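In: this one's sequence-less:
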C-alpha cells in the first residue's frame with residue numbers, strides 16, 4: 001500500500017525519520033483537503049460541516065462552516081484555525097452565529113494560550129488563560145475536521161509507512177495534549193491505531209485504517225482511507241456518526 005501524507009508542511013517536518021512521500025508546499029497556497037461531513041444522531045441527519053484545509057509556505061489554514069438541521073436547526077457556526085509550518089497555533093477563531101452569538105479567539109501570548117470570548121449581549125470580553133505551549137493541538141467541540149488533522153499528527157509522530165502499509169504501536173495509546181475552546185478547557189487524549197478493517201461508508205464496504213481516539217468524556221472511532229483522508233467517525237456511546245459526503 002502506498003500512502004501519501006496530504007502535503008501538510010508542518011507534518012512533513014515531523015516525518016524526517018520516516019518513509020512518507022510529501023510534496024513541498026506551494027508559496028502561493030494549495031488545497032490539501034476539502035469537502036463536507038454529514039452529521040447523524042440516532043440515525044437521523046442533524047447537520048453538515050463544510051471544511052477546507054489550505055497550505056502555503058507560511059503554514060496551514062483549516063476552516064469550517066457548521067449548520068444544524070431539523071430540531072437543532074438555526075445553529076450556525078464558523079471556525080478558522082491558523083497553524084505554522086511546525087504545527088504551532090498561530091490563531092484560532094470560532095463564531096456562533098445563531099440565537100446566542102459568540103466570538104472567540106485563541107492565540108499564543110507570553111508562553112501561554114489566551115482565549116478571548118465576546119458575546120452578542122455587549123458584556124465585557126472574558127479572558128481564559130491556558131498554561132499550554134503553542135504546539136498544543138486544537139480539538140474543539142463541533143469542529144470535526146480537526147480530528148483529521150490530529151490523526152495526521154499522530155500518524156506522523158507514532159507510525160511509519162512501508163510497502164506493507166502503516167506500522168504503528170499495537171495496543172499502545174499515544175498521549176496528545178489538546179485544548180477545547182468551546183468548553184474553555186484542556187485535556188490529554190489518547191490515540192491508538194487499531195489496524196485495517198472493512199467498514200461500511202454510505203452503503204459501501206471499504207477497507208480502511210481505523211484509529212481510536214479516547215478522551216475524558218467520550219471515545220471516538222475514526223476511519224481514514226489510504227490517502228489518509230478521514231471518511232467516517234462514530235461516537236458509539238452517543239449514537240453519533242459523521243460521514244464524508
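Out: Looks like it came in fine. None of these values were measured; they are calculated from a predicted model. Residues are numbered from 1 along each chain as shown.

In: How far off centre is the biggest strand by length in the chain?
Out: As assigned by DSSP state E, the longest strand anywhere in the chain is strand 185-201. Averaging C-alpha coordinates over strand 185-201 and over its chain gives two centres that are 12 Å apart (CA atoms, centre = their mean, to the nearest Å).

In: Please name every helix or strand in contact with it.
Out: On a contact count with 3 or more CB pairs under 8 Å, 6 or more residues apart in numbering; DSSP states H and E, strand 185-201 meets helix 146-158, strand 165-167, strand 174-180, strand 204-214, strand 219-224, strand 230-235. For every residue, glycine as well, the C-beta is placed using N, CA and C.

In: which of these has the lowest average pLDDT?
Out: Among these, strand 165-167 carries the lowest mean pLDDT, a mean of 77.

In: Residue 210 is in contact with residue 194, correct?
Out: Yes - in terms of CB atoms under 8 Å, residue 194 counts as a neighbour of residue 210; the distance is 4.2 Å.

In: Can you check which residues contact both of those two?
Out: Residues touching both residue 194 and residue 210 (CB atoms under 8 Å, 6 or more residues apart in numbering) are residue 221.

In: The longest strand of the chain pairs with which strands?
Out: Partners of strand 185-201 in the sheet, by DSSP bridges, are strand 174-180 (antiparallel), strand 204-214 (antiparallel).

In: Quick check: which of those is nearest to residue 96?
Out: strand 174-180 (14.8 Å; CB to CB).

In: how big is the angle separating that closest one from helix 146-158?
Out: Inter-element angle recorded for strand 174-180 and helix 146-158: 150 degrees (by axes from the mean of the first three to the mean of the last three CA atoms, to 10 degrees).

In: Buried ones in strand 174-180, by neighbour count?
Out: Residues of strand 174-180 classed as buried: 174, 176, 178-180 (neighbour count, 16 or more other CB atoms under 10 Å).

In: ditto for stretch 159-169
Out: Buried residues in stretch 159-169 (16+ other CB under 10 Å): 159, 161, 166, 168.

In: Repeat that for stretch 186-198.
Out: 186, 189, 191-193.

In: try stretch 70-85
Out: 75, 77-79, 81-85.

In: before we move on, the earlier item: could I get the strands paired with strand 185-201 as TSV with distance to residue 130?
Out: Listed next are the strands paired with strand 185-201 as TSV, based on distance: least, CB to CB, whole Å:
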stretch	distance to residue 130
strand 174-180	6
strand 204-214	21
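
In: Which of those sits closest to residue 229?
Out: Comparing these by their distance to residue 229 (CB to CB), the top pick is strand 204-214, with 10.0 Å.

In: quick one, the closest one and strand 230-235 angle?
Out: Counting by the same axes, to 10 degrees, strand 204-214 points 60 degrees away from the direction of strand 230-235.

In: before we move on, back to that, and the longest strand of the chain with strand 219-224, angle?
Out: Going by the same axes, to 10 degrees, strand 185-201 makes 50 degrees with strand 219-224.

In: any idea which residue sits dead centre in the protein?
Out: What sits nearest the mean C-alpha location of the chain, by CA atoms, centre = their mean, is residue 146, with 1.2 Å.

In: ok, the residue nearest to that residue when sequence neighbours are not counted - contacts?
Out: Ranked by CB to CB, 6 or more residues apart in numbering and with sequence neighbours excluded, the top spatial neighbour of residue 146 is residue 139, at 5.5 Å. By CB under 8 Å, 6+ apart, the contact list for residue 139 reads 146-147, 150, 178-180, 189.

In: swap the cut-off to 7 Å and go again
Out: 146, 150, 178, 180, 189 (CB atoms under 7 Å, 6 or more residues apart in numbering).
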